[in-house]
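Peer 1: mind looking at a prediction? Sequence and model below.
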Amino acid sequence: MSGSVLYDAPGPRTIARHRVYTVIASVGLLALLAYAVLRLQQNGQFEYQKWEPFVSPVFIETILVDGVLETLKMAFSAILLAVGFGVLFGIGKLSEHGWVRWPCWAVVEFWRAVPVLLNIIFFGILLGLDSTTNRYWAVVIALMLYNGAVLAEVFRAGINAVPKGQVEAAYAVGMRKSQVMLAIQLPQAVKIMLPALISQCVVALKDTALGYVVLAPGLTFVMRLIYANPDHGQNQIPTVIVIGGIYVLLNLILTVIATWVQRKFVGEKKVLEVSMVGEGDPSAAPVK
Amino acid sequence: MDVVWEHREAIALAFAYTVLLFVFAGVGSLIGGTLLTAMRVGPIKVLRWAAAIYVTLVRNTPLLIVIFFFRLAAPKMDLRFDFVDVVLPTTVGDVRINNIFAACTVGLTVYTAAFVCEALRSGVNAVPLGQAEAARAIGMPFAGVMRYVVLPQAFRASIPPLANVQIALLKNTTVAGALGVSEAFIRMRGLLNDNPTARISLFIAFAAIFVVLVEVLSFVANRLERRVRVA
Amino acid sequence: MRRMKLGMAAVAVLLAGSLTACGDAGEDDDAPEVEAESDCDDKFEEGSRMAELSDAGEIAIGNRVDQPGLGQQDTPDSVPEGFDIDMAKLLIADLCIDPESDAVEWTEAVSEQREQFLQDGVVDLVAASYSITDDRRQLVGQAGPYMITGQQVLVPIDSDVESIDDLQGEEVCAAEGSTSLENINTAGAVGVPAANYGQCAEDVVNGTVPAMSTDGSILRGLAQQYEGEVKVVGPEFSEERIGIGYSKDYPEMCEWINEVLTEAFEDGTWEESFNAHLSSEDEEAPEPPTLDECQA
């Protein structure tokens, strides 16, 4: 924790002063919270009618089946495809041949820079937004391209993070280029990449919400269904709280998994950090 | 490409909204994120928790839901932005900064501030131990340590991650389009529908403008980093 | 969800015989029941689109899901309800397809996509508050009208606005890509595009925009949904003639649609459906409109 770096262990006077600050801060935060609750109360946001869908079995089933399950399906199909895309273009970016490296670099840079929403609507309109299946795929393809481009960069960095000596040793025992990649670099790189891969799942999961604009299935679709239903008396606030809460929960579970994987396979090393844009200059020849 | 040229004014107006959303939310998120960071690394436990909870909640909620909250849920608890009502006339049409624009900007700010906080915190963590120790040794209080020693260095170390956060913000402004601001995304959607024969060139035009904007941002960030780098 | 709905419908049918006037009955309970025709073997001319659809036993309809009274859907899988939907169901049933079955694919068609859907053949018919215009008839076929309505204004219940003229230079919401949006600008207000009418209505209820404007029938449906919060005001400042869209590739569908609609006008099904979905208690259904001649 950086805290201990920034200040000494407090003496008695500092402790007393901190106690005063703590009280003031607590009162302030509590007042803010109380004000929010009061505002909600005054505007009738705690009425049973507004929360009813979240305790009635029909809607719970809809939320879980049409919401959570669809969202997870969408996120994971996007990530699976993105891994394929990332491996392909990540290796492409490491190629020794400029005519392979440059196009791969351009493709990756392009899809990393274009907002996902633009992709969703573009592929949606190309596929035709007429069926639920096509709306689903519009989101999956858009997420695949964006996350794939990010993963290509993760992948490239992962391969480069494999100690040079490993590669040199492999060449020294007479392995070919493809053998070095497949038998030496890839397995070690995957291990280093795993946590970054899982945190990318969090990004993909959150971005599935963008399917809202093409009425793709998933949690946001169910969200619209619930608050637009006149029987629920305009329960936008409860709906946002519940649906948002579900997203937070799912992402926290993923984060816990990522931490566990990190500990188990990588150790306490720093997570691989990859810049969004403007790095990975293709003119830089690969490490050999 | 004729279609793109024909609609150049509409496209320019749309990107005016995009850039304004980015500027307002960018500045707002830098201020908010800095405050959050101060809370997060400060000595007061309650504030540390509050900031940590804020960051965890917001980071794990989709942006669409955050903006949706301010746009369509907050009015239900009488939280509105009606006081914002400015019309900026431009040569390509009026830019209307109204309550819808304000709500979306607030959503973007609230969301991005959490990521700014994370970026700054990583910067604070990157400041060598000895720096803060030396500052304390000459008797600086926490505020002084932060103000004169840690934060200036932390900002420097945070420029690459901060640039990433701001680039993400630029792309995220499109979500405001899905909820009522006439920015680039919603304009592209309208044009794609109206011009079925020119879809690909329209998409490439919009995408290319975003690529250019993103590259400009990362260029500025690189220059900035080089300039403040300690020799 | 769906099971529950069907169950309720069944109860409604059972009660319909004994209880004629049940004050609290849901608005949709009096909607006409549409039964599929049973004999389609020689009904349609060989090679016509109707014969093809009838033989295939499947049809895709483009409809609205967010317009109370016209086309509204409760869950992604349920059969939508409303006046537009009833017209579509009459046509489906005439092809010997059960309109409540899975043989019908109901697809949300938002304003700006309706022509494209028909041109690309992703839907066979559009019944989605589809106003007939010369522009659209260049691209697709439109039969009808089965309803004539005009653009009005929806404002919060306590608003002083009496017509579109009171909204000069003010922001008025309408769905993106709709004729309503153009009419708003022509009338001197500033059109604000929204993803759909539901979002517009919410913005009016929330006071985010002072008004929204589109066909009176759509607004009345929304006013029913947000009862006591919004009202429909003003004279109709445009005439919208609502019809059924079909693909230009199958011009023979026009005569058939007109025949089915004429039958519904004459046997009272049209009036029954209008009363069930669109009129308030003290309002009589208007006379059915006159259908356009099919062009060649």
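Peer 2: Thanks, I have the structure now.
Peer 1: the stretch 51-200 of chain A: helices as residue ranges?
Peer 2: Along the stretch 51-200 of chain A, the stretches classed as helices by DSSP state H, counting those that start in this stretch are A:57-62, A:70-94, A:98-113, A:116-127, A:132-161, A:164-172, A:177-179, A:186-207.
Peer 1: just want the angle from the third one to helix A:132-161.
Peer 2: Taking axes from the mean of the first three to the mean of the last three CA atoms, to 10 degrees, one finds helix A:98-113 and helix A:132-161 inclined to each other by 120 degrees.
Peer 1: give me the distance between the two termini of stretch C:126-136.
Peer 2: End-to-end distance for stretch C:126-136: 13 Å, by CA to CA, to the nearest Å.
Peer 1: next one: that stretch to chain centre, how far?
Peer 2: From the chain centre to the centre of stretch C:126-136 is a distance of 11 Å (CA atoms, centre = their mean, to the nearest Å).
Peer 1: spit out the contact partners of C:G216.
Peer 2: Shown in contact with C:G216 (CB atoms under 8 Å, 6 or more residues apart in numbering or on different chains): C:T149, C:G150, C:Q151, C:Q152, C:V232, C:E236. Just so you know, the C-beta spots here come from the backbone N, C-alpha and C atoms, and that holds for glycine as well.
Peer 1: could I get the helices of the stretch 51-200 of chain A as TSV with mean neighbour count and distance to chain C?
Peer 2: What follows is these, written out as TSV (neighbours: other CB atoms under 10 Å in any protein chain shown; distance: least, CB to the nearest CB, whole Å):
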stretch	mean neighbour count	distance to chain C
helix A:57-62	14	5
helix A:70-94	21	10
helix A:98-113	18	25
helix A:116-127	23	8
helix A:132-161	23	7
helix A:164-172	13	52
helix A:177-179	11	45
helix A:186-207	20	18
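Peer 1: switch those helices over to TSV; also include distance to chain B and mean pLDDT.
Peer 2: Formatted as TSV, the helices of the stretch 51-200 of chain A follow (distance: least, CB to the nearest CB, whole Å; pLDDT from 0 to 100):
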stretch	distance to chain B	mean pLDDT
helix A:57-62	18	86
helix A:70-94	10	92
helix A:98-113	4	92
helix A:116-127	4	91
helix A:132-161	9	91
helix A:164-172	24	91
helix A:177-179	32	87
helix A:186-207	4	86
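Peer 1: rewinding a little: among the contacts of C:G216, which one lies nearest to C:T133?
Peer 2: C:Q151 (13.0 Å; CB to CB).
Peer 1: so that closest one touches C:V233, yeah?
Peer 2: No - contact criterion CB atoms under 8 Å: C:Q151 and C:V233 do not qualify, at 11.9 Å.
Peer 1: who's more crowded, the two?
Peer 2: Neighbour totals were compared for C:Q151 and C:V233, and C:Q151 leads with 26 against 18 (other CB atoms under 10 Å in any protein chain shown).
Peer 1: how close does C:V155 sit to B:R199?
Peer 2: 37 Å (CB to CB, to the nearest Å).
Peer 1: so between these two, which is more surrounded?
Peer 2: Using other CB under 10 Å as the criterion, C:V155 and B:R199 rank with C:V155 on top: 25 against 17.
Peer 1: in what helix or strand does that one lie?
Peer 2: strand C:151-156 (DSSP states H and E).
Peer 1: alpha carbons only: can I get that strand in PDB?
Peer 2: Output in PDB follows, covering the C-alpha atoms of strand C:151-156 (Å, rounded to 0.1, in the frame of the first residue of the first chain):
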ATOM      1  CA  GLN C 151     -49.400  14.600 -36.300                       C
ATOM      2  CA  GLN C 152     -50.200  16.100 -32.900                       C
ATOM      3  CA  VAL C 153     -48.200  17.100 -29.800                       C
ATOM      4  CA  LEU C 154     -47.600  15.300 -26.500                       C
ATOM      5  CA  VAL C 155     -46.800  17.500 -23.600                       C
ATOM      6  CA  PRO C 156     -46.700  17.200 -19.800                       C
END
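Peer 1: does anything pack onto it? Which helices or strands?
Peer 2: Applying 3 or more CB pairs under 8 Å, 6 or more residues apart in numbering or on different chains; DSSP states H and E, one finds that strand C:151-156 makes contact with helix C:197-206, strand C:211-215, helix C:216-225, strand C:230-233.
Peer 1: between that strand and helix C:216-225, how many degrees?
Peer 2: Using the same axes, to 10 degrees: strand C:151-156 against helix C:216-225 is 20 degrees.
Peer 1: strand C:151-156 vs strand C:211-215, what angle?
Peer 2: 150 degrees.
Peer 1: can I get the helices and strands packed on strand C:151-156 in JSON lines including mean pLDDT and distance to A:V83?
Peer 2: As requested, the helices and strands packed on strand C:151-156 are exported to JSON lines (pLDDT from 0 to 100; distance: least, CB to CB, whole Å):
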{"stretch": "helix C:197-206", "mean pLDDT": "86", "distance to A:V83": "36"}
{"stretch": "strand C:211-215", "mean pLDDT": "89", "distance to A:V83": "45"}
{"stretch": "helix C:216-225", "mean pLDDT": "82", "distance to A:V83": "45"}
{"stretch": "strand C:230-233", "mean pLDDT": "89", "distance to A:V83": "49"}
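Peer 1: now those in TSV, please, with extra columns for distance to C:E176.
Peer 2: Shown next, in TSV, are the helices and strands packed on strand C:151-156 (distance: least, CB to CB, whole Å):
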stretch	distance to C:E176
helix C:197-206	10
strand C:211-215	12
helix C:216-225	15
strand C:230-233	21
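Peer 1: buried sites along the least confident helix or strand in chain B by mean pLDDT?
Peer 2: Here the helix or strand of chain B ranked lowest by mean pLDDT, DSSP states H and E is helix B:142-144, holding a mean of 81. Residues B:F142 are the ones in helix B:142-144 that count as buried (16 or more other CB atoms under 10 Å in any protein chain shown).
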